[in-house]
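*Asks:* predicted model and sequence follow; I will ask about them next.
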Amino acid sequence: MDPRERKYSNGEITVYWKPRECIHSSVCYMNLLEVFNPRKRPWVNMSGASTRKIIDVVNQCPTEALTWKWNDEEKNKTVTEADTNHIKFKRPHDFEKKEEDSILEVEQDEPLKIRVMKNGPYIVEGSYVLTRADGSEINMMGMSSFCRCGNSNSMPFCDGNHRKTGFKE
Amino acid sequence: MATNERKDITEITVFSNGPLKVSGNFKLTGSNLKLIETGNEIYLCRCGGSANKPFCDGTHKKIGINDKNV
């Protein structure tokens, strides 16, 4: 287990934090700064909002960096997939293994969604072909975040550096 | 692969020390999900300095991008 992992409870639910899974989408603190404030320690304040509101925002986390569970195990038995809504996130190296797959197999039913996060990255959701600066192509699917501040150390992806460098627009 | 075989595929191209080019079928929105633009081709700022964000205006040439690992 990553020693940086944390859990936070308000007595009713527990929110689990896995920093390694975070793609710095900024969805949590953009939606509920009273609970998720990266400038504070601890950065999660479970008394900042109602349980319902916290669940709602945790469910919007594009990865499994933030997840939640009822403290009452009986209640967890009634939780369905629709209640948790965790979109499976994949990093580029998950796709590189499948490089032989035909590009034509990429399904393209809906337009690719690109969301410009205020003072944060581009959140991209859908399937597309990514051509990297060295000319290599990767079939991408799911959700990823691209640097918009110019300072990421894992270009072209976001690594959360926009907060340290104070990217404002 | 011939270009015509992949015209339906949305592509994102990363330019070294330059913008992201997005071409094909896409929907660009703000944080609030308000629509900014839909496909065919756009160039998105990657340096953080464009005066026309989210679009590229060539400012990267002046201020540079941390692209040593891109």
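*Replies:* Looks like it arrived, so ask away. Numbers count the residues shown, from 1 in each chain, chains lettered A, B, ... in the order given.
*Asks:* ok, now which ones touch the residue nearest to B:Val70 when sequence neighbours are not counted?
*Replies:* Computed as CB to CB, 6 or more residues apart in numbering or on different chains, the closest residue to B:Val70 that is not its neighbour in sequence is A:Met155, at 3.9 Å. For the C-beta atoms, the positions are set from N, CA and C on the backbone; glycine is no exception. Contact partners of A:Met155, counting by CB atoms under 8 Å, 6 or more residues apart in numbering or on different chains, are A:147, B:14, B:65-67, B:69-70.
*Asks:* residue 18: how many residues sit nearby?
*Replies:* Went with chain A since none was named. 17 (other CB atoms under 10 Å in any protein chain shown).
*Asks:* wrong chain, I was asking about chain B
*Replies:* Residues within reach of B:Gly18, counting by other CB under 10 Å, total 20.
*Asks:* which SSE is immediately downstream of the lowest-mean-pLDDT helix or strand in chain A?
*Replies:* In chain A, no helix or strand scores lower on mean pLDDT, DSSP states H and E than helix A:92-96, which sits at a mean of 48. With elements assigned by DSSP states H and E, the helix or strand that comes after helix A:92-96 is strand A:112-116.
*Asks:* paired strands for the following helix or strand past that following strand, with orientation please.
*Replies:* Using DSSP H and E, the next helix or strand after strand A:112-116 towards the C-terminus is strand A:122-125. Using DSSP bridges, the strands paired with strand A:122-125 are strand A:112-116 (antiparallel), strand A:143-146 (antiparallel).
*Asks:* and those strands, which is most packed in?
*Replies:* Among the strands paired with strand A:122-125, strand A:143-146 has the highest mean neighbour count (mean count of other CB atoms under 10 Å in any protein chain shown), at a mean of 23.
*Asks:* where does chain A have low pLDDT?
*Replies:* A:81-109 (pLDDT under 70).
*Asks:* residues of it that sit close to chain B?
*Replies:* A:30, A:103-104, A:106, A:108, A:111-118, A:120, A:122, A:124, A:126-133, A:140, A:146-156, A:162, A:167, A:169 (CB under 8 Å from any CB of the partner chain).
*Asks:* pull out the buried residues from the helix or strand harbouring B:Thr29.
*Replies:* Assigned by DSSP H and E, B:Thr29 belongs to strand B:26-30. Neighbour-count burial for strand B:26-30, counted by 16 or more other CB atoms under 10 Å in any protein chain shown, picks out B:26-29.
*Asks:* also stretch A:18-38?
*Replies:* A:18, A:21-32, A:35-37.
*Asks:* name the residues that touch stretch A:56-70?
*Replies:* Contacts of stretch A:56-70 (CB under 8 Å, 6+ apart): A:12-23, A:25, A:27-28, A:31-32, A:35-36, A:54-55, A:76, A:79, A:83-87, A:89, A:123, A:125, A:143, A:145.
*Asks:* with stretch A:34-43 instead?
*Replies:* A:6, A:8, A:28-29, A:44-46, A:48-49, A:53-54, A:57, A:163.
*Asks:* what do you get for stretch B:48-63?
*Replies:* Here stretch B:48-63 has contacts from A:116, A:122, A:148-151, A:162, A:167, A:169, B:17-19, B:28, B:36, B:42-47, using CB under 8 Å, 6+ apart.
*Asks:* at 10 Å instead, please
*Replies:* Stretch B:48-63 has contacts (CB atoms under 10 Å, 6 or more residues apart in numbering or on different chains) with A:114, A:116, A:122, A:147-151, A:162, A:165, A:167-169, B:15, B:17-21, B:28, B:30, B:36-37, B:42-47, B:64-67.
*Asks:* all good on my end, thank you.
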